[in-house]
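Participant: With the sequence up front, the predicted model follows.
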Amino acid sequence: MSYTKATLADLDHAGTTAVGTAQAAADTGAGAAVVAQQVEAGLTEVSTVLVDHVRRLALALREELARTAASLGTADWEGRAREVADAAELAVRQRVDVVLASAELGADSLRQALTRQAAELVAEIVQHFGQAMDAVDLAYRSLADAEAAFGANLVAADASFAVEV
């Protein structure tokens, strides 16, 4: 009665295939971590671009307000109209400062939130997916070892039955 129909070459091939599958699992885990880190870097870059853009807009608007204030300051007028114009310019500048500060804060908060979430995603992928792929790697390497041991045992068993003539 035969316990296996596999040849030693079949067992060797199965072991090699199992090792290849184990390596593919390890590579997949490492590749997922790399992609996750690239996503994190991309999110950081996008949010930095947004924050920088808001800050450039704020600077440009503040410069325009300063030019307007300087222009009002050189005007040759006085009295109640001048006081109203100065008060209006100050009020507009204050409102713009509040809005721009809020926009800068919002953009920076968005960048921080995206960066934090991306870092958490990377950690999750590296930890859980990596562990799962490591387990697959170990299982297939164990299978390859078992197949190699089985083949070696068959060879040893066959050799033990050698008959001398």
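Facilitator: Sure thing, it's come through. Numbers count the residues shown, from 1 in each chain.

Participant: other SSEs contacting the lengthiest helix in the chain?
Facilitator: Taking DSSP state H as the criterion, the chain has its longest helix at helix 8-74. Identification of packing neighbours for helix 8-74 by 3 or more Cβ pairs under 8 Å, 6 or more residues apart in numbering; DSSP states H and E yields helix 80-124, helix 130-160. C-beta coordinates here come from the backbone N, C-alpha and C atoms, glycine included.

Participant: Specify the angle between the helix or strand bottoming out on mean pLDDT in the chain and helix 80-124 in degrees.
Facilitator: Using mean pLDDT, DSSP states H and E, the weakest-scoring helix or strand in the chain turns out to be helix 8-74, at a mean of 76. Orientation check (axes from the mean of the first three to the mean of the last three Cα atoms, to 10 degrees): helix 8-74 against helix 80-124 gives 170 degrees.

Participant: any idea how far helix 8-74 is from the chain center?
Facilitator: Helix 8-74 has its C-alpha centroid displaced from the chain centroid by 6 Å (Cα atoms, centre = their mean, to the nearest Å).

Participant: Number the chain from 18, please
Facilitator: Okay, residue one is now 18; in that scheme the one you just asked about reads as helix 25-91.

Participant: Could you tell me the angle between it and helix 147-177?
Facilitator: If you take the same axes, to 10 degrees, helix 25-91 sits at 170 degrees to helix 147-177.

Participant: Reformat the helices and strands packed on helix 25-91 as TSV; add distance to Ala50 and mean neighbour count.
Facilitator: TSV is the format used below for those (distance: least, Cβ to Cβ, whole Å; neighbours: other Cβ atoms under 10 Å):
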stretch	distance to Ala50	mean neighbour count
helix 97-141	7	13
helix 147-177	6	14
